[in-house]
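S.K.: below: sequence and its predicted model.
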Amino acid sequence: MEPTTHPTHLKIQDAYGKIASLGGGCCGAQSSCCGTSRVGEVAQGVGYSDAELATLPEGANLGLSCGNPTALAELKPGEIVLDLGSGAGLDVFLAAQRVGPAGHVHGVDMTREMLAKARQNAAEFRRRTGLDNVTFHQGQIEAIPLPEASVDVVLSNCVLNLSPDQATVWKEIARVLKPGGRVSISDMVLLKPLPEALRQSVEALVGCIAGAPCVEDLRRMIAAAGLVDQLLLPKAGAVEAMLPSEDPMTDHLLGLLPEGTQPSDVITSMIISARKPA
């Protein structure tokens, strides 16, 4: 499938290009995907250990996570892994250590600035670990630039919600997976529909909220792509870690939600697992 230009793609490219250049998250320098200024604390709050973070090149963690998809992927030495929306390389580098020199990890991102940062980090990763088993590709997740049935595992971290055509993304995931291949994705999912003003908010879109699917829609898209054995596991405490009470994004959301409603009442972070039939 050929990539297309969509207004949402342009908004995301612009915002994430600035993130890569500033060295911070969606709301500016040293900010996370959904708003907070404590990048390291967010990573720990959504499931990364100090030991994992210590192995990364400086600048690989931009605070853009809503979970740790590598933690539940059960990666094995020699596997071929794909990370969709790989950013500066956080999950690519963690996965590369797990699959080892006999395996390989591909990262796909559509933002040139992110790719430049990831490739710079890859040089530091090779120097630190001796591993030369990562490749970063420019491309859209609606048109993954890899062949059919070429990867064992698909990872993604707080990215699928940014796509204007998530059903196509799930079909592309199924296409590139080998028979028996599996999915371990961390993403934001709605527990109830958002108010229209929040759905139209660019800040909430870039902050991984406005584009999040409802649980029922997500299940339908996964099934329509031909994937089986769905498992959706909420990540306790992730939303609170990403959206602390003093954060500007939290204030923005509270201003658009019904009075008395907290972000965690309407949205959650989930680890999404599924499998392509063998």
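M.R.: In hand now; what should we look at? Numbers count the residues shown, from 1 in each chain.
S.K.: so where is this structure shaky, pLDDT-wise?
M.R.: 1-5, 23-48, 59, 61-65, 67, 72 (pLDDT under 70).
S.K.: and the longest strand for it?
M.R.: strand 177-190 (DSSP state E).
S.K.: got the buried residues for that one?
M.R.: 177-178, 181-190 (16 or more other Cβ atoms under 10 Å). Where C-beta positions appear, they are placed from N, C-alpha and C, glycine not excepted.
S.K.: which neighbouring elements make contact with the next helix or strand after that strand?
M.R.: As assigned by DSSP states H and E, the chain's next helix or strand after strand 177-190 is helix 196-199. Helix 196-199 is packed against helix 248-256, with contacts defined by 3 or more Cβ pairs under 8 Å, 6 or more residues apart in numbering; DSSP states H and E.
S.K.: C-alpha coordinates for the helix it packs on, CSV please?
M.R.: C-alpha atoms of helix 248-256 as CSV (Å, rounded to 0.1, in the frame of the first residue of the first chain):
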residue,chain,number,x,y,z
PRO,A,248,-0.6,21.7,31.7
MET,A,249,-2.1,18.8,29.6
THR,A,250,-4.1,17.7,32.6
ASP,A,251,-5.5,21.2,33.0
HIS,A,252,-6.3,21.3,29.3
LEU,A,253,-8.2,18.0,29.5
LEU,A,254,-10.0,18.9,32.7
GLY,A,255,-11.2,22.1,31.0
LEU,A,256,-12.8,20.0,28.2
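S.K.: buried stuff in it?
M.R.: Buried, per 16+ other Cβ under 10 Å, within helix 248-256: 249-250, 252-254, 256.
S.K.: tell me the one of the residues you listed nearest residue 91?
M.R.: Set against residue 91, the nearest of the buried residues of helix 248-256 by Cβ to Cβ is residue 249 (22.3 Å).
S.K.: show me where the chain has helices.
M.R.: Under the criterion DSSP state H, the chain carries helices at the ranges 7-22, 39-45, 50-54, 69-72, 90-99, 112-129, 166-176, 196-199, 202-206, 215-224, 238-242, 248-256, 263-266.
S.K.: these into TSV, with extra columns for distance to residue 141?
M.R.: Below are those laid out as TSV (distance: least, Cβ to Cβ, whole Å):
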stretch	distance to residue 141
helix 7-22	10
helix 39-45	22
helix 50-54	24
helix 69-72	14
helix 90-99	14
helix 112-129	13
helix 166-176	5
helix 196-199	21
helix 202-206	15
helix 215-224	13
helix 238-242	21
helix 248-256	23
helix 263-266	24
